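Engineer: what shape does this take:
(one chain, ligands or ions: 1)
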Amino acid sequence: MRLCVRDLEMRFGDRLIQRDIAFDVQPGTIFAVMGGSGCGKSTLLKHLVGLLRPAAGRVEYDGTDYWSADEATRATIRRRFGMLFQSGALWSSMTLLENVCLPLEQHTRLDAKQREARAREVLAWVGLERFAGYYPSDISGGMKKRAGLARALAAEPQLLFLDEPSAGLDPISSKRLDDLILEVRERTGAAIVMVSHELPSLFAVADDGIFLDADSRHPIAHGSPRALREQATHPTVRAFLRREEPAAPPQPATTP
Ligand SMILES: Nc1ncnc2c1ncn2[C@@H]1O[C@H](COP(=O)(O)OP(=O)(O)OP(=O)(O)O)[C@@H](O)[C@H]1O
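Structural biologist: Numbers count the residues shown, from 1 in each chain. So this is what the prediction gives:
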């Protein structure tokens, strides 16, 4: 499924978060949403998945404007999404298997046996087949992220939204998750939109992306994180991707 965003403006009440956002994400592309803390990355994801309505502009899926469509069409579009949100923790009272079965109950017509088979298949894919009967409290942070990814993948989404997938993980678990994300793209051909602060992850997986600026409240760069690291001229983008010190603001002239 192709995602196309045009002239998007996001507000909370009177407060402008970002404006003039425009980009396309083709199937099989991993697209990064970058920017400093509080610039509106998670808010953008919520606009893309239909949780927040844009103040202006369009979010189109395969040419259909999400917010102009009727509710039945929107629901059909949403069924093609898989989501791994920061706050979208696993249900603590359910085993990993039950957690992964849940979206299959909601979004597919598979019977109980087929659901379990599919859930075991995706758990095996993320390396958690032996832990299907465990509760989230009994596994590590990295394993929880992988279980969350399994749940997001269970119903074979065409578009996968990942909010800070590797936040809080050690470098080895983080690298493992990056490899999984690349494998997901390889196996499913899904488009993946990912919010991340983790530079190694961004450089390893993303093919394209957008950089949102918290000060000017609009995008200031567009391209793959690797290319932007080499070519971006904007000091904020360079500071973020190259860990350079931002340019010092001009100092007022001092008079003795
Ligand atoms: N429901 C809300 N109501 C009002 N303001 C909000 C709401 N959610 C977020 N904000 C504000 O919108 C701005 C953007 O928040 P958002 O969480 O999207 O930033 P972010 O780029 O994802 O930040 P971080 O990298 O720290 O997670 C912030 O100033 C935040 O305080």
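Engineer: what's the end-to-end length of stretch 59-66?
Structural biologist: 6 Å (C-alpha to C-alpha, to the nearest Å).
Engineer: and for that stretch, what's in contact with it?
Structural biologist: Residues outside stretch 59-66 that contact it (C-beta atoms under 8 Å, 6 or more residues apart in numbering): 1-6, 8, 47-48, 50, 58, 67, 73-74, 77, 80, 159. For glycine as for every other residue, the C-beta is placed from the backbone atoms N, C-alpha and C.
Engineer: restricted to helices, list these.
Structural biologist: 47-48, 73-74, 77 (DSSP state H).
Engineer: picking that back up, buried subset of the contacts of stretch 59-66?
Structural biologist: If you count burial by 16 or more other C-beta atoms under 10 Å, the buried members of these come out as 1, 3-5, 8, 47-48, 50, 58, 74, 77, 80, 159.
Engineer: spatially, which two of those are the most separated?
Structural biologist: Farthest pair in these (C-beta to C-beta) is Leu8 and Arg80. Separation: 20.0 Å.
Engineer: so Ser137 makes contact with Ser92?
Structural biologist: Yes: with contact defined as C-beta atoms under 8 Å, Ser137 counts as touching Ser92 (6.1 Å).
Engineer: and Pro219, bridged to which residues?
Structural biologist: Beta bridges link Pro219 to Leu212, judged by DSSP bridges.
Engineer: please give me every residue in contact with it.
Structural biologist: 18, 20-22, 210-213 are the contacts of Pro219 under C-beta under 8 Å, 6+ apart.
Engineer: tabulate those (CSV), appending distance to the ligand, neighbour count and pLDDT.
Structural biologist: As requested, those are exported to CSV (distance: C-beta to the nearest ligand atom, whole Å; neighbours: other C-beta atoms under 10 Å; pLDDT from 0 to 100):
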residue, distance to the ligand, neighbour count, pLDDT
Gln18, 8, 25, 98
Asp20, 16, 14, 97
Ile21, 12, 24, 98
Ala22, 18, 14, 98
Ile210, 12, 24, 97
Phe211, 11, 24, 97
Leu212, 7, 25, 97
Asp213, 11, 19, 96
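Engineer: farthest pair within those residues?
Structural biologist: Taking C-beta to C-beta, no two of these sit farther apart than Ala22 and Asp213, at 14.6 Å.
Engineer: at the contact with the ligand, which residues of the stretch 101-250 of the chain appear?
Structural biologist: By C-beta under 6 Å from any ligand atom, no residue of the stretch 101-250 of the chain approaches the ligand.
Engineer: so, low pLDDT: which residues of the stretch 101-250 of the chain?
Structural biologist: Scanning the stretch 101-250 of the chain for pLDDT under 70 picks out the ranges 244-250.
Engineer: which stretches of it form strands?
Structural biologist: 159-163, 191-195, 208-212, 219-222 (DSSP state E, counting those that start in this stretch).
Engineer: can you lay out those as CSV showing distance to Gly38?
Structural biologist: Output for the strands of the stretch 101-250 of the chain, formatted as CSV (distance: least, C-beta to C-beta, whole Å):
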stretch, distance to Gly38
strand 159-163, 14
strand 191-195, 13
strand 208-212, 10
strand 219-222, 15
